[in-house]
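*Asks:* quick check, what structure comes out for this input:
(chains A and B)
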2 protein chains.
Amino acid sequence: MQKIGVNTASRPSSVFCGGGAAEEAARFLAGKDVFLLTDNNVYSLYKELIEEKFGGARVFAVPAGERHKNRHTLFQILDGMLEAKLNRNSWLAALGGGVIGDMGGLAAALYMRGIRAVQIPTTLLAQVDSSVGGKTAIDYRGVKNVIGAFYQPEYVFCDPLFLRTLPRRELRCGLGEIVKTCALDQAILEKTEAMAGRLFGLAFQEEITADCVRFKARIVEEDECERSGRRKCLNMGHTTGHALELSYGRRSHGEYVLIGMAFEIAIALEEGILSAEYAARLRALIGKVIGKTPRFAGIEEAALAALYDKKNSGKGEISLIVPEAPGRYRELVLPIEKYVRYLSRFNGGIA
Amino acid sequence: MQKIGVNTASRPSSVFCGGGAAEEAARFLAGKDVFLLTDNNVYSLYKELIEEKFGGARVFAVPAGERHKNRHTLFQILDGMLEAKLNRNSWLAALGGGVIGDMGGLAAALYMRGIRAVQIPTTLLAQVDSSVGGKTAIDYRGVKNVIGAFYQPEYVFCDPLFLRTLPRRELRCGLGEIVKTCALDQAILEKTEAMAGRLFGLAFQEEITADCVRFKARIVEEDECERSGRRKCLNMGHTTGHALELSYGRRSHGEYVLIGMAFEIAIALEEGILSAEYAARLRALIGKVIGKTPRFAGIEEAALAALYDKKNSGKGEISLIVPEAPGRYRELVLPIEKYVRYLSRFNGGIA
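*Replies:* The predicted model follows:
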């Protein structure tokens, strides 16, 4: 087990990665006033573990799934916290995937103007990415994560024991963020390429989780609230990915990130930003996770929804973070029309 | 006009106090993408001023009054921000009293995980107290301020021009927080006593606003998120005041703070914490603002509602901040039953 510090201005937090992390969480929370938020899926899979390790906590389970990451569920959680009579010394523990982490973190941020939170991520996506860095949110009126807060958990406990039960779709989702990180960090790229035949195996996932967390921690420390631009790199693939996810929404978030990356790499290649050889390396990894990128019907209209994507300024331009070379990336700003034409041109024809 | 810095860990902010502050706000916001939140009362009073000084802003007015400080209005505001297509470089300006400041601050904190905010407080209460320090909130399910965030505005502009139109009830409300500050700070106590015949006059109010802001800024800098206990002193009078406000709710917030203070001073006197002479000095100021404290029917039941007050731990005890001597105060923890008996005993019989 490794302990990784995330020293942000607002609040230092620590991430425990590896076997034993859940046990560490149990020890830490024992004797505290804990509201344990989870979802029905996770609860039915881990009822015994929860009772054994977190027996003292009030367990609150909400319906599972991204479509419940909304205002209604957020206020259900806050109602539960009020009914449990939590006070400012209570703790919220979010045990689940990215949706539970996002909503639990936001509920902790808002209840009495903030109670302390720990994250116990159970999906690969949440372990390598969303549980670290303090981004919390709900979707609202069709806009992803438009209501939320930057609110650091005190601790994050990433235990590979939870990864054993993940369906392949969930693994693809987490692998999406891992491959994104490959396009940002050369060491992670090379390690992933070296283990490219075993991406769906626990050994790779456990190994890469700590690396991804450490990489993300450094970025978040430099730009906690996504103000300086430093943190923006973590959105690689997300601009296009989010737009397609909103419009088509059948695959997992991480798959849309990879599809978004595939489009954005094709655009960057066309714009002369990266070499064909590097594009091929990244596409090879994307292919290992999702196979061929699909063809989307009506992609131009779908992409126009991206105009409303919160990362863009609404000035008729779209901002992408694109890879340049191993460990290097840059911002690419395109007029919306040009961007939409690119999507149409590469639709179904990449990787 | 004075400029007072509030250097919190999360974000430094500056408060401009005095004539010309509204003009300063206008200069600062000119050319920015601004969503100006106000309420119908303030808008009808200051429509021309708003058009003249903040003509470039999108004005969004919500119904006036404490009872609208709720989830419904918060989401109305967020809807308005979405419809105005605000992005992360937009600004929210909250022009109004404490309710607008609290809700506007929270909407700014939540929209896209935080856009920048300025406060332009128009009431005495908001100028001397609530606009400074970053506390934002809504009431929910009968619990005051239970959903909110600590979120510092970039700038606060306290202009006495807005105080001219305030009804006497609103002035009493602000004077409540000023008299509370008297019980915390000796210099403010002495200045207020020296001008005790003119508390309802603009000269005193303009003079004391900067002092109160400076005092509060120092406290908030030491304990931004009310964690160390330092910031707790600002809640003097509020525990009892909030309980009575929730149960009886006809007077203004500041009046309930003063009534709460009157009760808590009587309790502290009985507990031997402050001298009869100092109690009399504080009561004299309270009397100047609200006259005699009223008798409340059924005060014991009302006070039990205080059990649910978020500042208390729910362990059958209530925590009060009480004055000891000029410039000195301490925490007093009482069993709920004893506290309720005190309230019953002093009901209608103080000051």
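
*Asks:* for the stretch 151-300 of chain A, what lies in contact range of chain B?
*Replies:* With the criterion set to Cβ under 8 Å from any Cβ of the partner chain, the stretch 151-300 of chain A comes near chain B through A:225-226. Quick note: C-beta positions are derived from backbone N, CA and C, even for glycine.

*Asks:* how about the stretch 151-300 of chain A: which residue is closest to chain B?
*Replies:* Relative to chain B, the nearest point of the stretch 151-300 of chain A is residue A:225 (6.4 Å; Cβ to the nearest Cβ).

*Asks:* quick one: that residue and residue A:152 touch, right?
*Replies:* No. Applying Cβ atoms under 8 Å, one finds residue A:225 not in contact with residue A:152, separated by 10.7 Å.

*Asks:* circling back: contact partners for the residue of the stretch 151-300 of chain A closest to chain B?
*Replies:* Each residue near residue A:225 by Cβ atoms under 8 Å, 6 or more residues apart in numbering or on different chains is listed here: A:150, A:231, B:113-114.

*Asks:* worst-scoring helix or strand of chain A, pLDDT-wise?
*Replies:* In chain A, no helix or strand scores lower on mean pLDDT, DSSP states H and E than helix A:299-304, which sits at a mean of 85.

*Asks:* show me what that helix is packed against.
*Replies:* Judged by 3 or more Cβ pairs under 8 Å, 6 or more residues apart in numbering or on different chains; DSSP states H and E, helix A:299-304 is in contact with helix A:238-247, helix A:336-346.

*Asks:* could you dump the shortest one to PDB, C-alpha only?
*Replies:* Written as PDB, here are the backbone C-alpha positions of helix A:238-247 (Å, rounded to 0.1, in the frame of the first residue of the first chain):
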ATOM      1  CA  HIS A 238     -13.500  15.200 -22.600                       C
ATOM      2  CA  THR A 239     -14.800  18.100 -24.700                       C
ATOM      3  CA  THR A 240     -15.700  15.900 -27.700                       C
ATOM      4  CA  GLY A 241     -16.400  12.900 -25.400                       C
ATOM      5  CA  HIS A 242     -18.900  14.800 -23.300                       C
ATOM      6  CA  ALA A 243     -20.700  16.200 -26.300                       C
ATOM      7  CA  LEU A 244     -21.100  12.700 -27.700                       C
ATOM      8  CA  GLU A 245     -22.000  11.200 -24.300                       C
ATOM      9  CA  LEU A 246     -24.800  13.800 -23.900                       C
ATOM     10  CA  SER A 247     -26.200  13.100 -27.300                       C
END
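
*Asks:* pLDDT (mean, whole number) over it?
*Replies:* What helix A:238-247 shows for mean pLDDT is 88.

*Asks:* and it, how far from the chain's centre?
*Replies:* Computed by Cα atoms, centre = their mean, to the nearest Å, the chain-centroid distance of helix A:238-247 equals 14 Å.

*Asks:* what's the first helix or strand after it?
*Replies:* helix A:253-270 (DSSP states H and E).

*Asks:* give me the angle between that next one and helix A:336-346.
*Replies:* 100 degrees (axes from the mean of the first three to the mean of the last three Cα atoms, to 10 degrees).

*Asks:* kindly calculate the angle that helix A:253-270 makes with helix A:238-247.
*Replies:* Here the directions of helix A:253-270 and helix A:238-247 differ by 130 degrees (the same axes, to 10 degrees).

*Asks:* using CSV, write out every CA atom in helix A:253-270.
*Replies:* What follows is helix A:253-270 as a C-alpha-only set of coordinates in CSV (Å, rounded to 0.1, in the frame of the first residue of the first chain):
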residue,chain,number,x,y,z
HIS,A,253,-18.0,7.9,-19.7
GLY,A,254,-14.4,6.5,-20.1
GLU,A,255,-15.3,5.1,-23.5
TYR,A,256,-16.6,8.5,-24.6
VAL,A,257,-13.3,10.0,-23.4
LEU,A,258,-11.4,7.6,-25.6
ILE,A,259,-13.7,8.2,-28.6
GLY,A,260,-13.3,11.9,-27.9
MET,A,261,-9.5,11.4,-27.8
ALA,A,262,-9.6,9.5,-31.0
PHE,A,263,-11.4,12.4,-32.8
GLU,A,264,-9.2,15.0,-31.2
ILE,A,265,-6.0,13.1,-32.1
ALA,A,266,-7.2,12.9,-35.7
ILE,A,267,-7.8,16.7,-35.6
ALA,A,268,-4.4,17.4,-34.0
LEU,A,269,-2.7,15.2,-36.6
GLU,A,270,-4.5,17.1,-39.4
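
*Asks:* buried residues, it. List them.
*Replies:* Of all the residues in helix A:253-270, those buried under the rule 16 or more other Cβ atoms under 10 Å in any protein chain shown are A:253-269.

*Asks:* and residue A:33, how many neighbours does it have?
*Replies:* By other Cβ atoms under 10 Å in any protein chain shown, the residues close to residue A:33 number 18.

*Asks:* residue contacts, it?
*Replies:* Counting by Cβ under 8 Å, 6+ apart, residue A:33 has contacts A:86-87, A:89-91.

*Asks:* go again with 6 Å.
*Replies:* The neighbourhood of residue A:33, defined by Cβ atoms under 6 Å, 6 or more residues apart in numbering or on different chains, consists of residue A:90.

*Asks:* need the pLDDT of it.
*Replies:* pLDDT for residue A:33: 98.

*Asks:* and the gap between it and residue A:61?
*Replies:* For residue A:33, the distance to residue A:61 equals 19 Å [Cβ to Cβ, to the nearest Å].

*Asks:* can you check residue A:272 too?
*Replies:* From residue A:272 across to residue A:61, the span is 51 Å (Cβ to Cβ).

*Asks:* over to residue A:271?
*Replies:* Look at residue A:271 and residue A:61: by Cβ to Cβ, they are 47 Å apart.

*Asks:* between those two, which one's more packed in?
*Replies:* Using other Cβ under 10 Å as the criterion, residue A:271 and residue A:61 rank with residue A:61 on top: 20 against 14.

*Asks:* pretty sure that one contacts residue A:37?
*Replies:* No. With contact defined as Cβ atoms under 6 Å, residue A:61 and residue A:37 do not form a contacting pair (7.9 Å).

*Asks:* show me how chain A divides into domains.
*Replies:* Domain assignment of chain A by automatic domain parsing yields the ranges A:2-165, A:168-346.
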